[in-house]
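A.B. asks: Next input, structure requested:
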Amino acid sequence: MNFKNSILLLSIVFMVACTSKDSLLTAGNYSVKWFLGFRMADLLAKKASVHDQQDIQALLDKPWYGQFKLINVQTQQVITADRCSQILPDITQLQPVRGGDVSPYAGLSALCVATESIAKARPAQYSALSDFKLDADFPRQAPKNLALITSSSEWQDIVQNKKIVSWAQAETVKFDSKEGKYQAKYTMVGAHQEVLLLARGDFNHDGIEDLLLFANAHVVGGTYASFRLFWITKMNPNSPLTLIREYPTY
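C.D. replies: A predicted model of the protein is given here:
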């Protein structure tokens, strides 16, 4: 093999290597982490200490600050629940019997789902999320699912419109304020939404680091509120934030 052919072969090998997962993502040992926004331990009848994922798993069977009377909309069975482990198997079918419990239960049940997800997360081997920030630019990067659309018909229009990709394209969003590194508030038309980074880790077990976000939105001058979870990731440093799961689904 002559010198020119050797150089060509080395160039091809280099190009192939640059398309591998290792070149697109930063390799390392990215441990599972949770942050101040993850408040499940504060909502229990007796506050619990959380040091590791085993402690988080244990939260699922600890009593909450109060009980909720719930109805299964499929079976019409009524139950009284006071801990996450009671509601998680049928969580999508359960609704509060009392109207005043709708908002508190929605927030608490979303945190139950988050708790289970964090407990099952694994350390990641690769990450493209080192520069992630909750800032003024976040709505332009975030998936459109973060949009607070209360009309199902309007939401279907957004879902079906392939040109709408980001939250900022789905609705008008303005950065409001920031509390530390893991919490920011945004203003939309007639509403406010607080976004918190609850945890990071490999939630879908593909080796790539993901983020778990909690979005708490309220309508100005109304009683409507939503509590939603979003699991997002990045496949390489230049790609947009990608939604891998959300709760609840609409």
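A.B. asks: only C-alpha atoms for contact and neighbour calcs from this point on.
C.D. replies: Noted.
A.B. asks: so where's the longest helix in this protein?
C.D. replies: Taking DSSP state H as the criterion, the chain has its longest helix at helix 102-120.
A.B. asks: what does that helix rub up against?
C.D. replies: For helix 102-120, contacts defined as CA atoms under 8 Å, 6 or more residues apart in numbering pick out 32, 34, 38-40, 53-54, 56-57, 59-60, 68, 84, 87-88, 91, 95-96, 199, 201, 203, 212, 225-229, 247-248.
A.B. asks: For ChimeraX, write a command that selects the buried ones of these.
C.D. replies: To isolate the buried members of the contacts of helix 102-120 in ChimeraX, using 16 or more other CA atoms under 10 Å:
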select :32,34,38,40,53,56,57,59,60,68,84,87,88,91,95,96,199,201,203,212,225,226,227,228,229,248
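A.B. asks: Okay, and which of the contacts of helix 102-120 map to strands?
C.D. replies: Mapping those onto strands (DSSP state E) picks out 34, 68, 95-96, 199, 201, 212, 225-229, 247.
A.B. asks: Just the closest of these to His192, please.
C.D. replies: Ala225 (9.7 Å; CA to CA).
A.B. asks: could you say which helix or strand contains the closest residue to the closest one other than its chain neighbours?
C.D. replies: In space, and not counting its chain neighbours, Ala225 is closest to His218: 4.5 Å by CA to CA, 6 or more residues apart in numbering. If you go by DSSP states H and E, His218 is part of strand 210-219.
A.B. asks: for the record, mean pLDDT for that strand?
C.D. replies: In this model, strand 210-219 carries a mean pLDDT of 96.
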